[in-house]
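In: model the structure of this input:
(2 chains)
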Amino acid sequence: MSRAPLGRRFPRAAAELAAVLASGAALFLAAAAAEEALGASPAASALLEELGKAALILAYGRAGGAAARRGSARGGAGGPRAERLARLGGSRGLSLGLAAAAAFAGAETLAYFAAFPEAGILRRFLWSMPVHLDAALLEALGCVPLLGIALPSRPRPPAAAAADAMGETASPRARLRKAARSLARLAARAGAFLAGLAAGAVLHAAANLAAEEGLGKTGLALGAIAGTLCLAALARAFIDSAYIGGYLHGTD
Amino acid sequence: MRPLPRLRSRLRGLLLGIMLRRCLAWLAASSLLVAAGAAAAALLGLGPAFQLAILLLALSALPILLLWPLPRDRIERGLRRLDEGSVFEALLEAPPGPARELLRLEARRADEGLAFRPRERPALGSRLALPFAAAALLLIAAQFHSLAGRGRPLFGGGSEGATGAAERREEGGFDALSSLAERDPEADRLGREESEEADPAASGEGGGSGPGAGLPQGRGRRLEREREAGGWEEAGAEGQGKGGTAAASAMPGPVGIGGPGEGAEPEPGEEGGSEAAGQADRGARGRGYSDSGQTAVPSPLVDYRARFARAYAERTGRRVAASGGLELGELGELERRFFRSFALEVELAPAEDGFDAMLRRRWRELRGALR
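Out: Purely as a prediction, here's the structure:
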């Protein structure tokens, strides 16, 4: 596969970086305004922020997949390769959404620093950044099945596959079964997304409540270490699921 | 179990290697950025908040860099390096059917063969050496500049304002100590007598010129300002004609300091002075519970504690000032060390005092005469 020249890649990467930073900062401003207007509690503000981040990650993932499909159609690619490129496009979009969530956390830290310009902001950074990223990675992992990047595929019965290949008209009962299967798959995808969102919101709310109670230096340090270890594990799971699973999808 | 586990593991290692390279690139770039920020702060005299902002920007960039999309072509190139017979790629491209099942078996066999192939070590890139070296050189140069120009290290030297103020205070203390050591007692006594003859009002005898009369000049001015600000009108007006020292005696020790001849204490026979002092005392302390919020007499103990806390916070940083975690014994020890007399520990150069020399000579002459 030929790689695009640097002159063409750089403007695209710069545009993507600008979009990521702008969307992260805009989400922070919107969330801060909404929290101030609603007078939200720490748990409610965590839910509000995670809803915004999940929506941003999902939007980036869908946009990435759609762009990859358009690129495949323009390049004349079809079949399994086009599907694989679309899946990797979705993974790429999810990564951009995660970078936007990191920009959101960075904007929040810089806003705190503007209000309290002192060295204690570093401790807050080490505590809050892993929490934000852990929650965002949980939501991104929930988006992976929703975007169809790496669904566990089940081998179809040979008779059904042969019938599909010959274009035979299925009976009403078989159609009904197929519709029920599609509905169940859709429900499973939506459930995975909602589970990721719920897990991220609960993690963020718990961290907010713990910080409000006052953990002390030791508690904050332990929380930062645990958050960073969790971040490493979730990042590995994301790479496995979105990139490797997306690329090797169908080999099972 | 997921299919092709060894291939997945190799691909994972490849992607984690890319992330490791990004980490190193970030480390080089952020070292350069922090060093440049420190150099700019040293040259332009910017405060530690500027360096902290640079550090925060660099730290915030790390997760964005790590989570940036991984390049698809690297995955494909890595797969092709591992796929000697193009079995994996053929499996990925094969349509459903019997041929696909055969390719799946071949792919499993190739995956098992990967266990005997050595792992590729991620190339960390020698291009990163240049930014690292540039950052190190810049940091060294900035450190030398800071040590030579400001006399303190680049990082962790405390704020310049606090350091400068502490140095000024210490130099002022040493100046006062040296002037105390160099002062001639005889000349002091003569000067005091001359000033009393020239300005009898300053001695506190007869009608004073105001509440601050008889006090050192700076304290006198301060008392004048406080009198004009209000609260002392009554006491000052009555004390002016009779003792002139009422307001001064109403002040606590450090402000109302001075001997009887200097007007700080009324003479035992001066009734007006003591009456005015009593009224001034009432005026300053308020009249009962309703005026308890307006009591203007500061506690010397509180003042000493506040001065100690301020000096301690300036010298040790804000984190100590905000913690309040000092134990009582530790606090007492620090206060004792802060307020103890430095004069007792300073070794003054031996100087021949004229008065002492004269006394010794007279003593020697007297002993000689007795013999």
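In: please count neighbours and contacts with C-alpha atoms only from this point.
Out: Noted.
In: residue of the stretch 101-250 of chain A closest to chain B, please.
Out: Of all residues in the stretch 101-250 of chain A, the one sitting closest to chain B is residue A:106 (5.2 Å; CA to the nearest CA).
In: excluding chain neighbours, what is closest to that residue?
Out: Excluding the flanking residues, the one nearest residue A:106 by CA to CA, 6 or more residues apart in numbering or on different chains is residue B:60, at 5.2 Å.
In: likewise residue A:78?
Out: Sequence neighbours aside, residue A:72 is the residue nearest to residue A:78 in space, at 7.1 Å (criterion: CA to CA, 6+ apart).
In: okay, that neighbour: pLDDT?
Out: Reading off the confidence values, residue A:72 has pLDDT 79.
In: residues near it, how many?
Out: 17 (other CA atoms under 10 Å in any protein chain shown).
In: what of residue A:123?
Out: Using other CA under 10 Å, residue A:123 has 13 neighbouring residues.
In: ok, residue A:173 next?
Out: Neighbours of residue A:173 (other CA under 10 Å): 9.
In: name the element it belongs to?
Out: Mapping residue A:173 onto the secondary structure by DSSP states H and E places it in helix A:172-213.
In: report the distance from that helix to the chain centre.
Out: In terms of CA atoms, centre = their mean, to the nearest Å, the centre of helix A:172-213 is found 13 Å from the chain centre.
In: neighbours around residue A:76, how many?
Out: 9.
In: now do the same contact list for residue A:23.
Out: residue A:100 (CA atoms under 8 Å, 6 or more residues apart in numbering or on different chains).
In: that one and chain B, how far apart?
Out: Distance of residue A:23 to chain B, computed by CA to the nearest CA, to the nearest Å: 13 Å.
In: ramachandran coordinates for that residue?
Out: The phi/psi pair for residue A:23 (degrees, to the nearest 10) reads phi -70, psi -40.
In: now do residue B:3
Out: On the backbone of residue B:3 - angles per degrees, to the nearest 10 - the values are phi -70, psi 160.
In: what's around it, how many residues?
Out: 15.
In: now do the one 5 residues further on
Out: Counted with other CA under 10 Å, the neighbours of residue B:8 add up to 18.
In: all the helices of the stretch 101-250 of chain A, in order from the start?
Out: Counting by DSSP state H, counting those that start in this stretch, the stretch 101-250 of chain A forms helices over residues A:120-146, A:158-166, A:172-213, A:216-238, A:245-247, given from the N-terminal end onward.
In: just to revisit the earlier point, angle of the helix holding residue A:173 against helix A:120-146?
Out: Compare the direction of helix A:172-213 with that of helix A:120-146 by axes from the mean of the first three to the mean of the last three CA atoms, to 10 degrees and you get 170 degrees.
In: so who does the residue of the stretch 101-250 of chain A closest to chain B touch?
Out: Under the contact definition (CA under 8 Å, 6+ apart), the residues listed for residue A:106 are A:129, B:57, B:60, B:61.
In: helix or strand: which one has the closest residue to residue B:65 other than its chain neighbours?
Out: The spatial neighbour of residue B:65 that comes closest, neighbours along the chain excluded (CA to CA, 6+ apart), is residue B:22 at 6.9 Å. Taking DSSP H and E as the criterion, the element that holds residue B:22 is helix B:5-44.
In: quick check: mean pLDDT of that helix?
Out: Helix B:5-44 comes out at a mean pLDDT of 87.
In: and the next element down the chain from that helix?
Out: Past helix B:5-44, heading to the C-terminal end, the next element that is a helix or strand (DSSP H and E) is helix B:48-67.
In: in the helix or strand following that following helix, what's buried?
Out: Next helix or strand after helix B:48-67 toward the C-terminus (DSSP H and E): helix B:72-82. Residues of helix B:72-82 classed as buried by neighbour count (16 or more other CA atoms under 10 Å in any protein chain shown): B:72, B:75, B:79, B:82.
In: and the two most separated of the residues you listed?
Out: B:72 and B:82 (15.8 Å; CA to CA).
In: residues from chain B in reach of chain A?
Out: For chain B, the residues found near chain A under the criterion CA under 8 Å from any CA of the partner chain are B:2-3, B:8, B:11-12, B:15, B:49, B:52-53, B:56-57, B:60-61, B:63-65, B:67-70, B:72-73, B:91-95, B:104.
In: PyMOL command for the buried members of these?
Out: The PyMOL selection below is limited to those of those classed as buried (16+ other CA under 10 Å):
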select buried, chain B and resi 8+11+12+15+49+52+53+56+57+60+61+63+64+65+67+68+69+70+72+91+92+93+94+104
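In: excluding chain neighbours, give the residue nearest to residue A:97 in space.
Out: If the residues on either side of it in the chain are set aside, residue A:97 comes closest to residue A:57, at 4.1 Å by CA to CA, 6+ apart.
In: quick one: the one you found from residue A:142, how far?
Out: When distance is defined by CA to CA, to the nearest Å, residue A:57 is 10 Å away from residue A:142.
In: what mean pLDDT does the helix holding residue A:173 get?
Out: This predicted structure assigns helix A:172-213 an average pLDDT of 90.
In: now stretch B:57-76
Out: The average pLDDT within stretch B:57-76 is 90.
In: give me the contact list for it.
Out: Residues lying outside stretch B:57-76 but in contact with it, judged by CA under 8 Å, 6+ apart, are A:1, A:3, A:88, A:91-93, A:95-96, A:98-100, A:102-103, A:106, B:11, B:14-15, B:18-19, B:22-23, B:26, B:30, B:33-34.
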